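Peer 1: Sequence first, predicted model second:
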Amino acid sequence: MAMEAVEIERLIKEGLPDAEVHIDDLRGDGDHYAARVISKSFIGKNRVQQHQMVYAALKGSMDQELHALGLQTSIPEDA
Amino acid sequence: MSDNPVFDRIKEEITTNDVVLFMKGNPMFPQCGFSATVVGVLTHLQVKFKGVDILQDDELREGIKAYSSWPTIPQLYVKGEFIGGCDIIREMFEAGELQNLLGDKAIAFSEA
């Protein structure tokens, strides 16, 4: 069920090419991560839409391989 | 009737109840830390809500994810609108945005 942090980062960047992605492995078990995603593509979107964009980038990984991905999305300050 | 019969059940739940939390377990005994967090926020704000335990119903468990285009549980609905999952609810609560939203939607709550 576990998934590597680099794989999560790769999928997010594939879906959101300009994204800056920070991932913390919360328990060191490869199953509970927190991700911070910063992207200009979030401009004009509400939080739900921003998270949905990240989930879309992760395709079916959420819930299949990943039990827990804490998510925090934001727009770059210079955007 | 929509294409997916479970969507009609979900629509019924979120239109007949002002605040609905689709969660794992029930508000007294949440079965997951993320569900417990949202229950904690709503309880703290003394918001009256209906908890729907998706662990009791596989059809609903898959249906709600498709309905909201949201892959995880819990999911909070206020007046028929999807507000977010655990991270968003916590972020909104800490920023005072959840309180504003409840106020805007005329849902009774208390910060005492």
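Peer 2: Thanks, I have the structure now.

Peer 1: For the rest of this, base every contact and every neighbour count on C-alpha atoms.
Peer 2: Fine.

Peer 1: what are the ranges of the strands in chain B?
Peer 2: Ranges of strands within chain B are B:19-23, B:50-53, B:75-78, B:81-84, based on DSSP state E.

Peer 1: Get me the contact residues on chain A for chain B.
Peer 2: A:Arg47, A:Val48, A:Gln52, A:Tyr55, A:Met62, A:Asp63, A:Gly70, A:Leu71, A:Gln72 (CA under 8 Å from any CA of the partner chain).

Peer 1: Count the residues that sit near the first one.
Peer 2: The reference is to A:Arg47. A:Arg47 sits with 19 neighbouring residues when counted by other CA atoms under 10 Å in any protein chain shown.

Peer 1: Tell me which residues touch it, please.
Peer 2: Going by CA atoms under 8 Å, 6 or more residues apart in numbering or on different chains, A:Arg47 touches A:Thr73, B:Ile88.

Peer 1: what separates it from A:Asp25, distance-wise?
Peer 2: Applying CA to CA, to the nearest Å, the value for A:Arg47 to A:Asp25 is 23 Å.

Peer 1: what's the following helix or strand after the lowest-mean-pLDDT helix or strand in chain A?
Peer 2: Here the helix or strand of chain A ranked lowest by mean pLDDT, DSSP states H and E is helix A:61-64, holding a mean of 68. Following helix A:61-64 in sequence order, the next helix or strand is strand A:68-74 (DSSP states H and E).

Peer 1: Checking A:Ala34 next. Helix, strand or coil?
Peer 2: strand (DSSP: H, G, I helix; E, B strand; the rest coil).

Peer 1: Give me the local confidence score for it.
Peer 2: A:Ala34 carries a pLDDT value of 90.

Peer 1: number of nearby residues for it?
Peer 2: Using other CA under 10 Å, A:Ala34 has 16 other residues around it.

Peer 1: again, but for B:Glu59
Peer 2: Neighbours of B:Glu59 (other CA under 10 Å): 12.

Peer 1: swap in B:Asp57?
Peer 2: When counting by other CA under 10 Å, one arrives at 11 neighbours for B:Asp57.

Peer 1: Report the contact partners of it.
Peer 2: Applying CA under 8 Å, 6+ apart to B:Asp57 gives no contacts.

Peer 1: if we go to 10 Å?
Peer 2: B:Gly63 (CA atoms under 10 Å, 6 or more residues apart in numbering or on different chains).

Peer 1: One more: A:Ile38?
Peer 2: A:Leu16, A:Asp18, A:Ala19, A:Glu20, A:Val21, A:His22, A:Gln72, A:Thr73, A:Ser74, A:Ile75, A:Pro76, A:Glu77.

Peer 1: now it: how far from A:Val6?
Peer 2: Between A:Ile38 and A:Val6 the distance, using CA to CA, works out to 16 Å.
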